[in-house]
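Chemist: structure here, sequence nowhere to be found:
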């Protein structure tokens with residue numbers, strides 16, 4: 001990899017500028033008014049694929065936003081690595097909380113990133129991390145050190161639930177045939193503490209509508225006489241967790257995989273400061289399920305959170321009404337053995353059963369995801385571990401993430417392949433939030449590390 005690493009060093013400035021250009025495209029998949037921008041981003045990626053020497057490059061249309069594909073087959077007898085990433089981004093709202101334009105990337109030095117961090121929507125999630133693979137592969141191709149075959153599948157709908165990716169994968173199993181899937185859409189513990197994500201929580205996401213009277217009512221004439229949907233909704237949501245922050249839905253924990261004390265002890269070896277955690281969030285205490293640590297609560301235990309709640313009058317001044325309707329959106333993060341469809345049905349049955357007289361309740365299921373776990377004794381994990389150890393001079397720590405990447409379980413089901421999650425972001429990178437950013441150090445380190453995964457994956461597969 002010496003020639004590849006030299007090429008990376010020589011072209012670091014160009015790689016960074018190309019990423020900045022990609023970040024300037026507001027490829028917001030959730031908002032239809034950005035549809036052309038999403039397409040522009042896909043086209044830009046495809047043009048880059050062509051320029052770097054990938055073959056069979058395509059912008060593949062779907063019923064939603066397109067998928068960008070390219071490949072380089074150097075020898076059919078070599079292992080094949082399938083790279084997945086996404087080029088769509090979250091909406092940037094609320095804009096007034098950004099310190100700079102979310103689509104005018106700026107490099108600013110911070111305490112955590114003394115070399116500078118790129119502030120822009122999508123900088124870490126996932127354009128910056130996805131683009132590391134593109135540039136690492138370019139470097140290997142240009143220096144003729146591409147040690148495995150490679151296929152890239154970059155989608156434009158991850159932030160809206162990958163609505164069309166499953167169908168594409170089902171219809172293109174031969175095209176996507178590979179030995180391992182490599183994804184960078186996760187993080188690591190710290191810039192000096194590399195880690196590899198070995199588990200992801202699943203997801204059940206629902207929307208609730210509570211309906212009371214057939215119209216908004218005068219709160220003076222009807223207050224105290226008619227059920228207020230907002231009051232009722234708040235009471236119902238509050239009842240979903242007990243005083244120990246355990247979820248009260250009957251059957252919710254029945255299939256939860258409980259880790260052994262040995263496994264929990266291994267997890268506890270990861271460096272974590274509750275004081276720094278609280279300070280970073282400007283909170284004075286953590287909360288969560290009794291008898292579990294903060295790291296465990298956010299990874300090996302399920303959770304239930306309200307993501308949005310609305311109803312009634314929220315404009316300027318006063319309008320004294322009892323609203324006709326109240327709504328909320330709730331996400332439940334799931335752990336191994338929990339099925340999102342089963343959990344959604346348990347939630348629906350329970351929530352409808354606790355509705356008092358005077359209101360009706362409708363639960364609308366949205367997208368879900370199965371949890372997933374990658375064994376640390378697999379060839380893919382070993383290759384990733386060796387790659388991190390090469391560039392960081394430290395053996396990475398296996399960790400489980402609290403987030404969900406729905407496509408990981410889908411890939412295993414449809415393609416029969418495990419996914420290796422080589423993330424280089426940090427928890428402090430503010431993904432999905434105002435002032436999202438990604439360290440220049442992390443971007444460069446990712447490009448340096450990925451070629452070694454290719455090298456070691458080939459070597460371990462030929463032993």
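Modeler: Thanks, I have it. These numbers were taken from a predicted model, which means no experiment stands behind them.
Chemist: care to break this structure down by domain?
Modeler: Using automatic domain parsing, the domains assigned to the chain come out as 2-200+371-461, 202-256+302-369.
Chemist: report the mean confidence score over the first one.
Modeler: So the one you mean is domain 2-200+371-461. For domain 2-200+371-461, the mean per-residue pLDDT is 96.
Chemist: how far is that domain from where the chain is centred?
Modeler: 11 Å (Cα atoms, centre = their mean, to the nearest Å).
Chemist: state the distance from residue 394 to residue 10.
Modeler: As judged by Cβ to Cβ, to the nearest Å, residue 394 and residue 10 stand 26 Å apart. Any C-beta I mention is one placed from the backbone N, CA and C, and that applies to glycine too.
Chemist: looking at the domains of the chain, which is nearest to residue 294?
Modeler: Closest to residue 294 of the domains of the chain is domain 2-200+371-461 (Cβ to Cβ; 10.3 Å).
Chemist: please identify the most buried of the domains of the chain.
Modeler: domain 2-200+371-461 (a mean of 20; mean count of other Cβ atoms under 10 Å).
Chemist: give the other helices and strands that whichever strand or helix holds residue 85 contacts.
Modeler: Of the helices and strands defined by DSSP states H and E, residue 85 is found in strand 80-86. In terms of contacts (3 or more Cβ pairs under 8 Å, 6 or more residues apart in numbering; DSSP states H and E), strand 80-86 is packed against helix 127-142, strand 149-155, strand 180-183, helix 406-415, helix 440-461.
Chemist: check contacts around the closest residue to residue 56 other than its chain neighbours.
Modeler: Nearest non-adjacent residue to residue 56, counting by Cβ to Cβ, 6 or more residues apart in numbering: residue 71, 5.3 Å away. By Cβ atoms under 8 Å, 6 or more residues apart in numbering, the contact set of residue 71 is 54-56, 149-152.
Chemist: try it again at 7 Å.
Modeler: For residue 71, the contacting residues are 54-56, 150-151, by Cβ atoms under 7 Å, 6 or more residues apart in numbering.
Chemist: what do you get for residue 421?
Modeler: 183, 186, 196-197.
Chemist: I'd like those residues as a markdown table, with secondary structure and distance to residue 1 appended.
Modeler: Formatted as a markdown table, the contacts of residue 421 follow (DSSP: H, G, I helix; E, B strand; the rest coil; distance: Cβ to Cβ, whole Å):
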| residue | secondary structure | distance to residue 1 |
| --- | --- | --- |
| 183 | strand | 21 |
| 186 | coil | 23 |
| 196 | strand | 19 |
| 197 | strand | 24 |
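Chemist: quick check, residue 357 in a strand?
Modeler: No - checked against DSSP: H, G, I helix; E, B strand; the rest coil, residue 357 lies outside a strand; its state is coil.
Chemist: that older thread, for the residue nearest to residue 56, give its distance to residue 452.
Modeler: 21 Å.
Chemist: which among the domains of the chain is found nearest to residue 296?
Modeler: That would be domain 2-200+371-461 among the domains of the chain, by Cβ to Cβ, at 9.0 Å.
Chemist: and the closest one, how far apart are its ends?
Modeler: End-to-end span of domain 2-200+371-461 (Cα to Cα, to the nearest Å): 21 Å.
Chemist: ok, back up a step: taking the contacts of residue 71 as a set, which two sit the farthest apart in space?
Modeler: Across the contacts of residue 71 (Cβ to Cβ), the longest gap, 11.7 Å, separates 56 and 150.
Chemist: tell me which of the contacts of residue 71 is nearest to residue 105?
Modeler: Looking across those and measuring by Cβ to Cβ, the closest to residue 105 is residue 54, at 24.9 Å.
Chemist: circling back to that earlier point, assign the residue nearest to residue 56 to helix, strand or coil.
Modeler: Applying three-state DSSP: residue 71 is strand.
Chemist: quick one: it from residue 221, how far?
Modeler: With Cβ to Cβ as the criterion, residue 71 and residue 221 are 69 Å apart.
Chemist: please apply the same query to residue 373.
Modeler: 57 Å.
Chemist: and what of residue 325?
Modeler: Counting by Cβ to Cβ, the gap from residue 325 to residue 221 is 19 Å.
Chemist: need phi/psi at residue 397.
Modeler: phi -90, psi 130 (degrees, to the nearest 10).
Chemist: which one is it nearest to, not counting chain neighbours?
Modeler: According to Cβ to Cβ, 6+ apart, the nearest residue to residue 397 is residue 195 (4.4 Å).
Chemist: hang on, that neighbour packs against residue 395?
Modeler: No - between residue 195 and residue 395 there is no contact under Cβ atoms under 7 Å: 10.0 Å.
Chemist: can you tell me which residues contact residue 394?
Modeler: residue 194.
Chemist: repeat for the one 10 residues further on
Modeler: Listed by Cβ under 7 Å, 6+ apart, the contact partners of residue 404 are 200-203, 333, 369.
Chemist: for the residue nearest to residue 460 when sequence neighbours are not counted, what are its contacts?
Modeler: Distances taken as Cβ to Cβ, 6+ apart put residue 379 closest to residue 460, at 4.7 Å, once the chain neighbours are dropped. If a contact means Cβ under 7 Å, 6+ apart, then residue 379 has 457, 460-461 as its contacts.
Chemist: can you redo those as JSON lines with distance to residue 233?
Modeler: JSON lines is the format used below for the contacts of residue 379 (distance: Cβ to Cβ, whole Å):
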{"residue": "457", "distance to residue 233": "51"}
{"residue": "460", "distance to residue 233": "54"}
{"residue": "461", "distance to residue 233": "54"}
